[in-house]
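>>> Dropping a prediction and its sequence here:
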Amino acid sequence: MVTLIDSHQTIATSTRLTLQTEEIAQGTMAIRCLDWDRDRFDIEFELQNGTTYNSFLICGDQVALVDTSHLKFEALYLKCLNQLTAGKTIDYLIVNHTEPDHSGLIGHLLEISPEIKIIGSKVAIQFLQNQIHRPFAYQMVKSGDCLDLGQGHLLQFLSAPNLHWPDTILTYDSGPQILYTCDVFGMHYCDDSLYDEMPQLLEADFQYYYDCLMRPNARSVLGALKRIDKLTIDLVATGHGPLLLHQHQEWIERYRTWSEAQSKAAPYVAIFYADDYGSSDRIARAIAQGLHKTGTAVELIDLGEADPHDVRELADAAAALVIGMPPQTEHNILLPTLNTILAATHNKQAVGLFETGGGQDEPIFPLRNRFAELGLTEAFPPILIKTAPSAVIDQQCEEAGTDLGQWLEKNRRQRRDKPLDSSLDQALGRISSGLYILTARKGEATSAMLASWVIQTSFQPLGLAVAIAKDRAIESLLHGEDCFVLNILEEGNYQPLMKHFLKRFPPGADRFAGITTYDANNGSPILADALAYLECRVLTRLDAGDHWIINCSTNVGRVAHPDGVTAVHHRKAGNHY
Ligand SMILES: Cc1cc2nc3c(=O)[nH]c(=O)nc-3n(C[C@H](O)[C@H](O)[C@H](O)COP(=O)(O)O)c2cc1C
């Protein structure tokens, strides 16, 4: 039930969602939404100690709110905000990061106060424009931009892309010397302590969170730390868990130690692009997404902002480079940066190029020839964007990124592969299965894949599971609530379909060309030559190492030939399908 206490306030509901507010500096309130029982994040990230969603209200002459909260806190949060502002208008909403657990209430807030100006990175604002179906005032900020709220609250913004989303910024209030970091330095840990009073209780959750969200982008973490190092910090106000007061410098140093070790150990791909030009940033992010699926680390570098020394270092040490062509102008200020990249590369690297669709790109083919002369391997054919950005172009770019990641992984694996113990290997190979083609459509994007690791998992409700390698093209179409069709192949009639879908498709290729299909109720293609099909919906995904176990429900199915028998796949060894 709802109770209100002054100064150190707690508002609670019976469902173990509670809300805590406390002044953390002059004119600055922390609003912490405590979600005691949450046991899962991003459907595959298990939590032991619940979590919190932290938001902050800064009152100078003008008022700014830093991030909001999860939708489940709608009533508690909005009521509390109303009390705290006591009739004052909120002038700015600073969005450090747009994931729904921090941005879930922005729409509600705009309904109450439509005049609020939203401050965020370009990526964040674009994301919100697609997310919130109403116009809003906004300001896109880059590293170094400032906002003076008055009464000593001078805010400075630092871009921190890829920690762990591309949209991330950090906000520093130089008055009370508070750094607002949203996901960065956070942890999923829910208790009443506002600060990190008992660090030894928090260590495991702090590291688990880093490992899950930050480690894949260790070089970006080091880039952000360079910017943070220039600040004098008294408090790190994170978006999850306790605020870091008592040993904030030690927590920051842990990120540095882990990220340095990780960036030395893991090869990475440097993606150079011109953030402000054409759809360069969107293409760069789609390629990065494809690389992430293969577990490859990525550095996204904005050609317009990067320091030449950093460009040289990053281009030299990268396992591969991807370059989005910058605009061609009479005095192209980005040409020296391209020359720095050319001078730093060497013939052990791979390179991929894309046009940005900006209209007057630097020509791609002379640069491609220069890299060929230098002996670099071409990672994927040049991506030439002629139309407006779309889901189909995103898919093409993501698949190009995955191809590049798989090429890098293949080179690494050749160096380190050890044969499996042969008797274990042979025993595992005695697990047999059916043969299936998964087909999926999500918006304009379609995909298909031959699969054998499929089992029924439940009678009531009807459920099944499919194991999908993390770097499969179709993986992107199999997230929570997505739909697909499981086509069951027929003994004596499966070879043509199997042969077709096992082809190596170039990025963005239509996998259904030459195949007869019709649409299922859920929109995915049904293969006319399959024995039977089931319409499925993704419920949850479980991390099983190099595969996702996709747990699904099914509600529609048909058999084409009642006497037909399912094709069976017998193997000899457990180290392949
Ligand atoms: C007999 C057989 C069964 C397979 N079963 C699976 C499977 O269950 N899960 C999976 O991720 N890949 C499976 N594969 C691999 C994919 O079908 C194939 O490599 C994939 O389509 C190529 O990757 P892409 O679609 O990402 O380009 C299987 C391959 C064969 C030959």
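Yep, that arrived. Numbering: from 1, shown residues only.
>>> Not counting its neighbours along the chain, what's nearest the residue most central in space within the chain?
Nearest to the geometric centre of the chain sits residue 165, at 5.2 Å (Cα atoms, centre = their mean). Nearest residue to residue 165 in three dimensions, chain neighbours excluded: residue 97, at 5.9 Å (Cβ to Cβ, 6 or more residues apart in numbering). Where C-beta positions appear, they are placed from N, C-alpha and C, glycine not excepted.
>>> And residue 380, by the same measure?
Per Cβ to Cβ, 6+ apart, closest to residue 380 is residue 400, 4.2 Å.
>>> how close does that neighbour get to residue 379?
Note on residue 400: its distance to residue 379, by Cβ to Cβ, to the nearest Å, is 8 Å.
>>> shared neighbours of the two, which are they?
residue 352 (Cβ atoms under 8 Å, 6 or more residues apart in numbering).
>>> which one of those two has more residues nearby?
residue 400 (26 against 22; other Cβ atoms under 10 Å).
>>> what about the nearest residue to residue 132 once chain neighbours are set aside, which SS state?
Among residues not flanking residue 132 along the chain, residue 107 sits closest, at 5.0 Å (Cβ to Cβ, 6+ apart). Classification of residue 107 using DSSP: H, G, I helix; E, B strand; the rest coil returns helix.
>>> For residue 107, give me its contacts.
Residue 107 neighbours (Cβ under 8 Å, 6+ apart): 131-132, 134.
>>> Next: residue 364.
325, 353-355, 382, 384.
>>> Among these, pick out the one closest to residue 78, please.
residue 354 (43.5 Å; Cβ to Cβ).
>>> tell me the contacts of the closest one?
283, 287, 322-325, 364, 382-385, 397.
>>> how about residue 203, secondary structure?
helix.
>>> what's the distance between residue 169 and residue 221?
From residue 169 to residue 221 the distance is 15 Å (Cβ to Cβ).
>>> Which one's more surrounded, those two?
Counted by other Cβ under 10 Å, residue 169 and residue 221 do not tie: residue 169 has more neighbours, with 27 against 24.
>>> And the pLDDT for that one?
Looking at residue 169, its pLDDT stands at 95.
>>> beta partners of it?
residue 159 (DSSP bridges).
>>> could you measure the residue nearest to residue 165 against residue 49, distance?
For residue 97, the distance to residue 49 - Cβ to Cβ - is 21 Å.
>>> higher neighbour count, these two?
Taking neighbours as other Cβ under 10 Å, residue 97 and residue 49 compare with residue 97 leading, 27 against 18.
>>> Could you list which residues are in contact with that one?
67, 103, 124, 165, 167-169, 182-183, 239.
>>> Repeat that for residue 565.
Here residue 565 is in contact with 490-491, 531 (Cβ under 8 Å, 6+ apart).
>>> between those residues, which has the most around it?
residue 531 (24 neighbours).
>>> quick one: pLDDT of that residue?
98.
>>> nearest residue to it other than its sequence neighbours?
Per Cβ to Cβ, 6+ apart, closest to residue 531 is residue 490, 3.6 Å.
>>> If I look at that neighbour, what pLDDT would I see?
pLDDT, read off for residue 490, is 97.
>>> Ok, residue 183 next?
95.
>>> So it versus the ligand, what's the distance?
29 Å (Cβ to the nearest ligand atom, to the nearest Å).
>>> Kindly report the same for residue 133.
34 Å.
>>> picking up where we left off before, what's the ChimeraX syntax to select whichever of the contacts of residue 354 are buried?
Buried residues among the contacts of residue 354 (16 or more other Cβ atoms under 10 Å), as a ChimeraX selection:
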select :283,287,322,323,324,325,364,383,385,397
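>>> Cross-check the contacts of residue 354 against the ligand and keep the overlap.
Applying Cβ under 6 Å from any ligand atom, the subset of the contacts of residue 354 adjacent to the ligand is empty.
>>> Turn the contacts of residue 354 into a markdown table, columns for pLDDT.
Converted to a markdown table, those look like this (pLDDT from 0 to 100):
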| residue | pLDDT |
| --- | --- |
| 283 | 95 |
| 287 | 97 |
| 322 | 98 |
| 323 | 96 |
| 324 | 94 |
| 325 | 90 |
| 364 | 90 |
| 382 | 94 |
| 383 | 95 |
| 384 | 91 |
| 385 | 88 |
| 397 | 97 |
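>>> Quick one: mean pLDDT over stretch 223-236.
pLDDT averaged over stretch 223-236 gives 95.
>>> and the end-to-end length of that stretch?
In stretch 223-236, first residue to last residue: 18 Å (Cα to Cα, to the nearest Å).
>>> what residues does the stretch 351-500 of the chain put near the ligand?
449-453, 467-469, 472-474.
>>> Which of those fall in strands?
Mapping these onto strands (DSSP state E) picks out 449-451, 467-469.
>>> dump the residue contacts of residue 315.
Contacts of residue 315 (Cβ under 8 Å, 6+ apart): 270, 272, 321, 340-341, 344-345.
>>> and of these, the nearest to the ligand?
residue 321 (22.8 Å; Cβ to the nearest ligand atom).
>>> Surely that closest one is in a strand?
Yes - assigned with three-state DSSP, residue 321 falls within a strand.
>>> picking up where we left off before, quickly name whichever of the contacts of residue 107 is closest to residue 391.
Nearest member of the contacts of residue 107 to residue 391, counting by Cβ to Cβ, is residue 131, at 16.1 Å.
>>> Spell out which parts of this structure neighbour the ligand.
Looking at the ligand, the residues of the chain close enough under Cβ under 6 Å from any ligand atom are 449-453, 467-469, 472-474, 502, 505, 569, 577.
>>> Give the buried residues for the strand or helix carrying residue 264.
Taking DSSP states H and E as the definition, one finds residue 264 inside helix 248-265. Buried residues in helix 248-265, defined by neighbour count with 16+ other Cβ under 10 Å: 248, 251-252, 254-256, 258-259, 262-263.
>>> What residues sit buried inside the helix or strand hosting residue 80?
For residue 80, the host element (DSSP H and E) is helix 74-85. Going by neighbour count (16+ other Cβ under 10 Å), the buried part of helix 74-85 is 76-78, 80-81, 84-85.
>>> After it, which helix or strand is next? Please name it.
Defined by DSSP H and E, the subsequent element after helix 74-85 is strand 92-94.
>>> quick one: contacts of that following strand?
Here strand 92-94 has contacts from 62-68, 106, 109, 116-120, 147, 149, 155, 171, 180, using Cβ under 8 Å, 6+ apart.
>>> before we move on, what about stretch 483-494?
With Cβ under 8 Å, 6+ apart as the criterion, stretch 483-494 contacts 434-440, 454, 464, 466, 474, 477-478, 497-498, 520, 522-527, 529-538, 552, 554, 561, 564-568.
>>> Then stretch 324-332?
271-274, 277-278, 280, 283-284, 303, 334-335, 337-338, 353-356, 358-364, 367.
>>> isn't residue 384 right up against residue 361?
No - using Cβ atoms under 8 Å, residue 384 makes no contact with residue 361, being 9.4 Å away.
>>> mind listing what's buried in stretch 457-471?
463-471.
>>> Sitting in strands, which of the contacts of residue 315 do you find?
Cross-referencing the contacts of residue 315 against strands under DSSP E gives 270, 272, 321.
>>> What's the separation between the residue nearest to residue 531 and residue 332?
Distance of residue 490 to residue 332, given as Cβ to Cβ: 59 Å.
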